[in-house]
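In: Quick check, what structure comes out for this input:
(one chain, ligands or ions: 1)
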Amino acid sequence: MEIKHPINVYIITGFLGAGKTTALNALLAQFSGSKNVVVENEFGKVNIDATLIAEKIDHLYELTSGCICCSLDNELLEVLGGILGMANRPDNLFIETTGIADVGNIIGMFHLPDVKNHYELIRTICIVDAENVEERLEQVPETGKQISCADVIIINKIKSLTTPALINLYHQLEQANPLAFITISENGEVAVKDLQLSEKPLRQQAPPAPVKHLHKINTVLFESPEAFDLNYLVYVLDFHFNVYPHQLYRIKGYVRAKDSEEKMLVQSTGKYLSIVPAGSWGDMPPSSVLVFIGKELKTATIKRILEPALKK
Ligand SMILES: Nc1nc2c(ncn2[C@@H]2O[C@H](COP(=O)(O)OP(=O)(O)OP(=O)(O)O)[C@@H](O)[C@H]2O)c(=O)[nH]1
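Out: The predicted model follows:
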């Protein structure tokens, strides 16, 4: 009888915009000799991250009907069952959580006997945004939970901090989670060997008790077939991020621009905004889709902010 080895599982967590997808791509590039499956859980109906997975992988599951950490009718367990039925069993499963996931609940699934028989949770990797993690820790309990549950903490976007500030942050994270291996990166570039991935998991015990989910955080989707005036769009997005830094955490999506045939990728995590060309629309009719994530965001407000930037 063929002995089937457990599938290695890596959970990638971290607050909205911390650099999870960026780090996942950097990690996948180092696993190119293996059969890799990715689960992307996005908060909101449109999964932008799935289009940003640059590395070749064997299968991508997009879970967009809710946060996998708190849905009762759990899609993740269905996916785990489905993977076991694949003709060619993968070596590695990478799960990118939503930015507000209670990662303790997801870790807990890998302690269920039926799951444990087939999957081995190797590492829970928390990406923290050096630029704003301290602020997020005060505002969002899930951020603290993600840090405290991690086996590995990657302090990302280190160029945004001075060396003393980085050392200070390192010590704070060390205090928050003395069991974790802490490292630093720019653009999620960390060598797998530095993550000590060949070692046994650092954390063997069951995860801490769940925290109450912060459902004040919501997603607003803005869609329009009309083209944006990009200069005006930059102006309104920059302006509102500056005015509402504690309410608006993340913007991402693709927009149709007035003077370009290409689609434009919009990304913002608070202190910066980037809008860059992202290739042709292919067979899709050009149409903008922007996802806004924040606290108690209202669709009408987002529409009111964006509509002046649309070409008349
Ligand atoms: N300056 C800088 N930007 C970074 C770094 N890492 C990621 N980014 C940028 O930060 C933005 C968010 O990165 P993502 O990898 O999509 O972050 P995420 O955590 O997957 O975001 P969500 O899925 O929305 O929670 C993108 O524009 C990245 O290019 C970094 O180290 N430095």
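
In: all contacts plus neighbour counts: C-alpha atoms, from now on.
Out: Noted.

In: element containing residue 106?
Out: Remark: residue 106 resides in helix 103-109, with elements defined by DSSP states H and E.

In: how about that helix: buried residues?
Out: Residues of helix 103-109 classed as buried: 103-107, 109 (neighbour count, 16 or more other C-alpha atoms under 10 Å).

In: and it, what does it pack onto?
Out: helix 141-149 (3 or more C-alpha pairs under 8 Å, 6 or more residues apart in numbering; DSSP states H and E).

In: on that earlier part again, among the buried residues of helix 103-109, which one sits closest to the ligand?
Out: Among the buried residues of helix 103-109, residue 103 lies closest to the ligand (C-alpha to the nearest ligand atom), at 13.4 Å.

In: Let me see the contact set for the closest one.
Out: Contacts for residue 103 (C-alpha atoms under 8 Å, 6 or more residues apart in numbering) come out as 13, 69, 97, 142, 145-146, 149.

In: now do residue 195
Out: Going by C-alpha under 8 Å, 6+ apart, residue 195 touches 152, 181, 183.

In: Look up how far residue 145 lies from it.
Out: Separation of residue 195 from residue 145 (C-alpha to C-alpha, to the nearest Å): 20 Å.

In: Then residue 186?
Out: Noted for residue 186: a distance of 23 Å to residue 145, by C-alpha to C-alpha.

In: which one of those two has more residues nearby?
Out: Between residue 186 and residue 145, counted using other C-alpha atoms under 10 Å, the more crowded position is residue 145 (24 against 17).

In: residues from the stretch 201-312 of the chain in reach of the ligand?
Out: Contact residues, the stretch 201-312 of the chain versus the ligand (C-alpha under 6 Å from any ligand atom): residue 267.

In: Helices of the stretch 201-312 of the chain, residue ranges please.
Out: Remark: helices assigned in the stretch 201-312 of the chain by DSSP state H, counting those that start in this stretch are 230-243, 299-306.

In: Mean pLDDT lowest where, among those helices?
Out: If you rank these by mean pLDDT, helix 230-243 sits at the bottom with a mean of 86.

In: which residues touch that helix?
Out: So helix 230-243 is contacted by 248, 257-258, 270-273, 305-306, 309 (C-alpha under 8 Å, 6+ apart).

In: mind listing what the spatially closest residue to residue 292 that is not a sequence neighbour touches?
Out: With sequence-adjacent residues excluded and distances taken as C-alpha to C-alpha, 6 or more residues apart in numbering, residue 292 is closest to residue 251, at 4.6 Å. If a contact means C-alpha under 8 Å, 6+ apart, then residue 251 has 266-269, 290-293 as its contacts.

In: could the residues you listed go into CSV alongside pLDDT?
Out: Output for those, formatted as CSV (pLDDT from 0 to 100):
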residue, pLDDT
266, 90
267, 81
268, 78
269, 66
290, 90
291, 83
292, 84
293, 75
